[in-house]
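K.L.:
After the sequence you'll find the predicted model.
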Number of protein chains: 8
Amino acid sequence: MKLTVYLAGEIHTNWREELSKKAGEKGLPLTFVSPQTNHDRSDDIGEDILGKQPGNLYKDAAASDINNFRTQVFMQKADIVVALFGEQYRQWNTAMDVSAAITLNKPTIIIRPKSLIHPLKELSNKANVTVETIDQALDVLSYIYE
Amino acid sequence: MKLTVYLAGEIHTNWREELSKKAGEKGLPLTFVSPQTNHDRSDDIGEDILGKQPGNLYKDAAASDINNFRTQVFMQKADIVVALFGEQYRQWNTAMDVSAAITLNKPTIIIRPKSLIHPLKELSNKANVTVETIDQALDVLSYIYE
Amino acid sequence: MKLTVYLAGEIHTNWREELSKKAGEKGLPLTFVSPQTNHDRSDDIGEDILGKQPGNLYKDAAASDINNFRTQVFMQKADIVVALFGEQYRQWNTAMDVSAAITLNKPTIIIRPKSLIHPLKELSNKANVTVETIDQALDVLSYIYE
Amino acid sequence: MKLTVYLAGEIHTNWREELSKKAGEKGLPLTFVSPQTNHDRSDDIGEDILGKQPGNLYKDAAASDINNFRTQVFMQKADIVVALFGEQYRQWNTAMDVSAAITLNKPTIIIRPKSLIHPLKELSNKANVTVETIDQALDVLSYIYE
Amino acid sequence: MKLTVYLAGEIHTNWREELSKKAGEKGLPLTFVSPQTNHDRSDDIGEDILGKQPGNLYKDAAASDINNFRTQVFMQKADIVVALFGEQYRQWNTAMDVSAAITLNKPTIIIRPKSLIHPLKELSNKANVTVETIDQALDVLSYIYE
Amino acid sequence: MKLTVYLAGEIHTNWREELSKKAGEKGLPLTFVSPQTNHDRSDDIGEDILGKQPGNLYKDAAASDINNFRTQVFMQKADIVVALFGEQYRQWNTAMDVSAAITLNKPTIIIRPKSLIHPLKELSNKANVTVETIDQALDVLSYIYE
Amino acid sequence: MKLTVYLAGEIHTNWREELSKKAGEKGLPLTFVSPQTNHDRSDDIGEDILGKQPGNLYKDAAASDINNFRTQVFMQKADIVVALFGEQYRQWNTAMDVSAAITLNKPTIIIRPKSLIHPLKELSNKANVTVETIDQALDVLSYIYE
Amino acid sequence: MKLTVYLAGEIHTNWREELSKKAGEKGLPLTFVSPQTNHDRSDDIGEDILGKQPGNLYKDAAASDINNFRTQVFMQKADIVVALFGEQYRQWNTAMDVSAAITLNKPTIIIRPKSLIHPLKELSNKANVTVETIDQALDVLSYIYE
């Protein structure tokens, strides 16, 4: 059974490549999709397409229009959502994606370091599974195919 | 038309009391509900009811069971969600509540300082209205009754 | 059985007052709600609350945030939607409200002059009933209570 | 990831062909579907299939039955809706399609000239993205595949 | 707990009055609503409101617009649907109401004579309960309050 | 675009074969599914699988369990429902299927002779299109692919 | 805020009375509803209303028609579900009620003795909160009103 | 028409292999998926992935996180659910799966021995079909393709 997995969260490390590569090595029939992981492109996409905006608020509004469009397309096609929270940044759009996924009844895995147990406790509680490492997330995904 | 408003977010200032008091002064027929705003009680509620847990992870899991239960009860009864993001804390449960509300098609207002424009841009984009002050949020609520 | 009726559409005539008054005279237990009918206030509400915006596009975006918030609150509470299309203006937000109502499975009545039969044909086809006068709409509403 | 895009709106220019051709040149795996773009056929389809009707109201009702059937089939299969508003005509069925799409949670792009900013403001506000040109819409669609 | 019951079906006998009277005598806090039970008014309502139509097909279309509007209003407010099938007529709108109610997850009771067991078997199978008499239907309704 | 069409209704004529054959000749990419069209098998399927039941009521209940199971499987996979009402029989399960399809937002075509205009008026009113012949239904299906 | 609580599960002890009495003493504005708690009446209700059935399978089918009708009425009105699993009986209808409640997004509390931790683990995992005593369940309900 | 069937229930016999083998021999285009059928692996999966937990309650919680994740993935992809109840164990997760499937409107077959008629009566009543043997379940599945 082929499944599509949306990889939400942290965009400054290569965790998506690692997860995808290891899933491929195990022969799991998973297709991975993700948000724009080029931070500058993600911030600039509104002005890149619609032209210069009159200030940062408007630049951000234009960019988020298009980033949310992309996410909504993928979220609807996703069978599973995996989200990685890192220790930096506020990552509210990651929390937004996870909460939307759960509310839409998508099976969801959160990856987060021990240091984030407390601030993520309500979100972890609503997700199906919370793990600490990419390998553990992969174990959960592999378990589907046992 | 009586409406129920869930006040998500920041629990270390008295913004809920201020909003509620001002709404009362304007005679708006709004009922306000909110998460547990006593931080210690919110953190301890799992152990308060279920007894000592074997470590912080389990204490947090037990607390979030009950906090999420409370939120889910109120969210389902809410006609409107207003969420205030402050400058401190990661506030992922606030982002979680707002995203769940939007996914459930609840009309939603975000209050946040200018400093949070950028990290909240995707969430603001999905909410109906984003404002900077409690008075502006009240103006939006009052507009329903004009 | 008390019912709430959202009155979408045309804001430059007093059709809402007429419908509401006649419904009252017939003793129908209907509560009517409506969009902001003061055209200037509706156009300016974004700047009235959020302050001066950097151009008309942004002024309109800010106003529509708040107008859509108001409409969404009322639409969710409405048992019935009645929409009047006049001969002037493009009235795309009226079409938007009617289509949203129908998609949400709200019973819907359209009032429109004969001259608009052709351009409104697909929307009329999806609404429950299309009539030409306020009195006819009132007859349909009265029929609920026969 | 293959996606189906419903192209609502304006039927008197060749914008669909242009968008489709350019998407093909970029190698985007998009399938485009659309309403009947032959205006006469669209107006006559009711009588073409069901025979002569007793007047324009009934001719229009019969045609819209079948046009709405076609749109409903495509809308349910569509992953994305792109709608172009031109400067002519009232285009209420375009507004109807966009509002239905949004209410059904379909990611939606509106293309409209600057002259229509004001009358389309509430609808633009609910759509994910509003652009002014076909190339910009294509840029948004391409962004999914970056 | 007050409940609203929609009484679908047969309009040529006084079963609704009988059920309502007996429920009242038992003190059950039920509110009953129903379709138009005046057969002529139901058939003529389209022309009564919209004026003479060009033939029976169009007269029937106009009437069913308004009858379906009324039913949709009540169906949405109903907590329970009770439908009585008599031995005469084709009663397809009764079957339509029952099937819509079941699809909308409304608890449903069918009353039908033994002679209709076979033709109603699939519909009875989907309804919660099928009985033969008004008193049995009342017993089922009373059981809620035991 | 491949589409699946559920053919509800009348099982004593070969209208399904005719529709399917003509659709094939036109090259329409439609897959047709249908209820059990062998009347005896449909009536006996409960006892065929579960064994002799203690009377007709129970035989019918057992059969309808399995017939409804089959219909539910196909209904969920169907993109379109076409239902033919003939002049014989009460055909309440046809009305049930059409009403369920409409409530589930499936695009629906009814085929019925002129003699059934009046008793089917409410159901026709809720379906997308009502026609009188198989060829007309085919024309509507073909129109999707123009 | 008044809330309705459906009390599923165990019918051979007086836990419902205890919970209801203690909630009243605390002044909680809760209305409690429950399944038929008279075991014999629950088993016999089918035959009590519909008459003698031809064997236990049919007697049970008739009873469960009416018990499920009652439960569906209450489940739809319930804001919260509390379910108590005792040590006796298989209690599959309790598990059925809890799972239906969770799937319908109702906030849910399970009460079960320590001895049932293992067999109930998947169901506890999906419920919001699992406790061991009636007093703990009451504490969770009280927490809503803090 | 290819269909996916989720096989819930009993994991200590080889009924899934038998059903799957016989379906293959009949050439039915069915894909079968199922929960983890290795009992020890199912119980240990939480600790296998997340490491040693501080007691049985926590071990079970961790395991059920991951088992429910797997079930939710398959349940969403399943067109049909078949559940076998055996005579041993409490099997509450089987009841949970069946009730979730029914609430999600999945066509459902229960297989159970005669001895379980009474305790399963409410669940059987909500499922589409209840049979006693694997061959009977296969007959029901085959009936789809007649």
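P.N.:
Happy to help now that I have it.
K.L.:
quick one: the strands in chain A?
P.N.:
For chain A, applying DSSP state E gives strands covering A:3-9, A:30-33, A:80-84, A:108-111, A:129-131.
K.L.:
Relative to chain B, which of the ones you listed is closest?
P.N.:
strand A:129-131 (9.3 Å; CB to the nearest CB). All C-beta spots, glycine's among them, are computed from the backbone N, C-alpha and C.
K.L.:
other SSEs contacting the closest one?
P.N.:
Contacts defined by 3 or more CB pairs under 8 Å, 6 or more residues apart in numbering or on different chains; DSSP states H and E place strand A:129-131 against strand A:108-111, helix A:134-143, helix H:56-77.
K.L.:
Average pLDDT for it, rounded please.
P.N.:
Mean pLDDT, computed over strand A:129-131, is 98.
K.L.:
How many residues are close by residue A:21?
P.N.:
By other CB atoms under 10 Å in any protein chain shown, the residues close to residue A:21 number 11.
K.L.:
how much space between it and chain F?
P.N.:
35 Å (CB to the nearest CB, to the nearest Å).
K.L.:
Would you point to the one among the helices and strands packed on strand A:129-131 that's packed deepest?
P.N.:
Of all the helices and strands packed on strand A:129-131, strand A:108-111 has the most neighbours on average by mean count of other CB atoms under 10 Å in any protein chain shown, namely a mean of 26.
K.L.:
give me every residue that touches the residue of chain A found nearest chain D.
P.N.:
Nearest to chain D in chain A, going by CB to the nearest CB, is residue A:69, at a distance of 4.0 Å. Counting by CB atoms under 8 Å, 6 or more residues apart in numbering or on different chains, residue A:69 touches D:107, D:109, D:128, D:129, D:140, D:143.
K.L.:
cool, residue A:6 as well?
P.N.:
By CB under 8 Å, 6+ apart, the contact set of residue A:6 is A:32, A:33, A:34, A:74, A:75, A:78, A:80, A:81, A:82, A:97, A:101.
K.L.:
ok, and the closest non-adjacent residue to it?
P.N.:
Spatially, and ignoring its direct neighbours in sequence, residue A:6 is nearest to residue A:78 (3.8 Å; CB to CB, 6 or more residues apart in numbering or on different chains).
K.L.:
what's the answer for residue A:126, then?
P.N.:
residue A:102 is the one closest to residue A:126 (CB to CB, 6+ apart), at 5.0 Å.
K.L.:
Would you agree that neighbour is in contact with residue A:127?
P.N.:
Yes: under the criterion of CB atoms under 8 Å, residue A:102 makes contact with residue A:127 at 6.3 Å.
K.L.:
Give the residues shared as contacts by the two.
P.N.:
With CB under 8 Å, 6+ apart as the test, residue A:102 and residue A:127 both reach residue A:108.
K.L.:
Now do the phi/psi pair for the residue nearest to residue A:6.
P.N.:
Here is the backbone geometry of residue A:78 (degrees, to the nearest 10): phi -80, psi 140.
K.L.:
who touches it in this structure?
P.N.:
Contacts of residue A:78 by CB under 8 Å, 6+ apart are A:4, A:5, A:6, A:33, A:101, A:106.
K.L.:
Next, work out how far apart it and residue B:50 are.
P.N.:
Residue A:78 is 34 Å from residue B:50, where distance means CB to CB, to the nearest Å.
K.L.:
What are the neighbouring residues in contact with the residue of chain A positioned farthest from its centre?
P.N.:
Largest separation from the mean C-alpha position in chain A: residue A:54, at 29.9 Å (CA atoms, centre = their mean). If you count contacts by CB under 8 Å, 6+ apart, residue A:54 has them with C:54, C:55, C:58.
K.L.:
can you do 6 Å?
P.N.:
Applying CB atoms under 6 Å, 6 or more residues apart in numbering or on different chains, we find residue A:54 in contact with residue C:54.
K.L.:
circling back to that earlier point, buried ones among the contacts of residue A:78?
P.N.:
With burial judged by 16 or more other CB atoms under 10 Å in any protein chain shown, the buried subset of the contacts of residue A:78 is A:5, A:6, A:33, A:101, A:106.
K.L.:
okay but the first one is in contact with residue A:80, surely?
P.N.:
Yes: in this structure, residue A:5 is within contact of residue A:80 by CB atoms under 6 Å, at 4.7 Å.
K.L.:
Distance of the closest residue to residue A:22 other than its chain neighbours relative to chain G?
P.N.:
Nearest non-adjacent residue to residue A:22, counting by CB to CB, 6+ apart: residue A:138, 5.4 Å away. Counting by CB to the nearest CB, the separation of residue A:138 from chain G is 22 Å.
K.L.:
same question, residue A:23
P.N.:
25 Å.
K.L.:
How about residue A:98?
P.N.:
Between residue A:98 and chain G the computed distance is 17 Å (CB to the nearest CB).
K.L.:
If we ignore the residues flanking it in sequence, what's nearest that residue?
P.N.:
Nearest non-adjacent residue to residue A:98 (CB to CB, 6+ apart): residue A:83, at 4.8 Å.
K.L.:
How about the one you found: which residues does it bridge to?
P.N.:
Residue A:83 forms beta bridges with residue A:8, residue A:110, as assigned by DSSP bridges.
K.L.:
Tell me the residues of chain A that contact chain B?
P.N.:
Within chain A, the positions near chain B by CB under 6 Å from any CB of the partner chain are A:57, A:60, A:64, A:67-68, A:90, A:92-93, A:95-96, A:99-100, A:103, A:117-123, A:125.
K.L.:
List the residues that contact residue A:103.
P.N.:
B:100, B:103.
K.L.:
tell me the pLDDT at it?
P.N.:
98.
K.L.:
burial of residue A:43, as a residue count?
P.N.:
Neighbour count for residue A:43, taken as other CB under 10 Å: 19.
K.L.:
Return the residues in contact with it.
P.N.:
The contact partners of residue A:43, by CB under 6 Å, 6+ apart, come to residue A:63.
K.L.:
And it, how far from chain C?
P.N.:
On the measure of CB to the nearest CB, residue A:43 and chain C end up 19 Å apart.
K.L.:
do the same with residue A:115
P.N.:
In terms of CB to the nearest CB, residue A:115 sits 37 Å off from chain C.
K.L.:
For that residue, give me the pLDDT.
P.N.:
97.
K.L.:
what about the closest residue to it other than its chain neighbours, distance to residue A:114?
P.N.:
Computed as CB to CB, 6+ apart, the closest residue to residue A:115 that is not its neighbour in sequence is residue A:87, at 6.1 Å. From residue A:87 over to residue A:114 the distance is 10 Å, taken as CB to CB.
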